[in-house]
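Engineer: got a sequence here, can you build the structure:
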Amino acid sequence: MVFQGFNLFPHRTLLQNVMMAPMVVKNTDREEAAGLAEHLLRKVGLSEQMDRYPVNLSGGQQQRGAIARALAMAPKVMLYDEPTAALDRALVDEVLDVMRQLGAEGLTQIVVTQEMRFAREADRVVYMEAGEIVEISGKGAIFERPQESRARQFLECFA
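Structural biologist: Sure thing, here's the model as predicted:
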């Protein structure tokens, strides 16, 4: 799971943050964990920042680091809770590009977001309100012709 707040350990480098879970949870040896972490950090465009601490990274870099950390556990499904909410516009695209790349590679992703540009690209959209499913649609259909009045009202804000 990737949270809105990046939740990286501030006293560890980005590389150490990504190495930690495989070593602690899966008993992966340090050398193998380091190789995996380096590979994943390159994958999310952070090869130059591996030895930096979170405080020295932009919000987008921290979020991509959090994605690499989650990928280190080889998930079948990635869950994201508002992964771009705390980022300024310039950094949002960095994170969304990584998520698009993961989707293109076949990773199933469930994303809670108000980033409507990105939601339009989804294979399936579920509109929820007050913890209740209001409407489910296939690719982009809810944006073209929402069936439920609450969904219509919400989407009018983004028209």
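
Engineer: give the contact list for the spatially closest residue to L15 that is not a sequence neighbour.
Structural biologist: Setting aside the residues directly before and after it, L15 is nearest to M50 in space (C-beta to C-beta, 6 or more residues apart in numbering), at 4.3 Å. Heads up, the C-betas are built off the backbone N, CA and C, glycines and all. Contacts of M50 were listed using C-beta atoms under 8 Å, 6 or more residues apart in numbering, and they are 13-15, 37-38, 41.

Engineer: per-domain residue ranges of this structure.
Structural biologist: Each structural domain of the chain that the record assigns through automatic domain parsing is listed here as a residue range: 1-118, 123-159.

Engineer: extract the C-alpha trace of whichever helix in the chain runs longest and format it as PDB.
Structural biologist: Of all segments of type helix in the chain, defined using DSSP state H, the longest is helix 89-104. Only the C-alpha atoms of helix 89-104 are listed here, as PDB (Å, rounded to 0.1, in the frame of the first residue of the first chain):
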ATOM      1  CA  ARG A  89       1.100  20.100 -10.000                       C
ATOM      2  CA  ALA A  90       4.700  19.700 -11.300                       C
ATOM      3  CA  LEU A  91       5.300  16.600  -9.200                       C
ATOM      4  CA  VAL A  92       2.000  14.900  -9.800                       C
ATOM      5  CA  ASP A  93       2.900  13.900 -13.300                       C
ATOM      6  CA  GLU A  94       6.200  12.200 -12.000                       C
ATOM      7  CA  VAL A  95       4.200   9.900  -9.800                       C
ATOM      8  CA  LEU A  96       1.400   9.300 -12.300                       C
ATOM      9  CA  ASP A  97       3.900   8.400 -15.000                       C
ATOM     10  CA  VAL A  98       5.300   5.700 -12.700                       C
ATOM     11  CA  MET A  99       1.800   4.400 -12.000                       C
ATOM     12  CA  ARG A 100       1.000   4.300 -15.700                       C
ATOM     13  CA  GLN A 101       4.200   2.400 -16.400                       C
ATOM     14  CA  LEU A 102       3.300  -0.200 -13.700                       C
ATOM     15  CA  GLY A 103      -0.100  -0.600 -15.200                       C
ATOM     16  CA  ALA A 104       1.400  -1.100 -18.700                       C
END
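
Engineer: with that, I have no additional questions.
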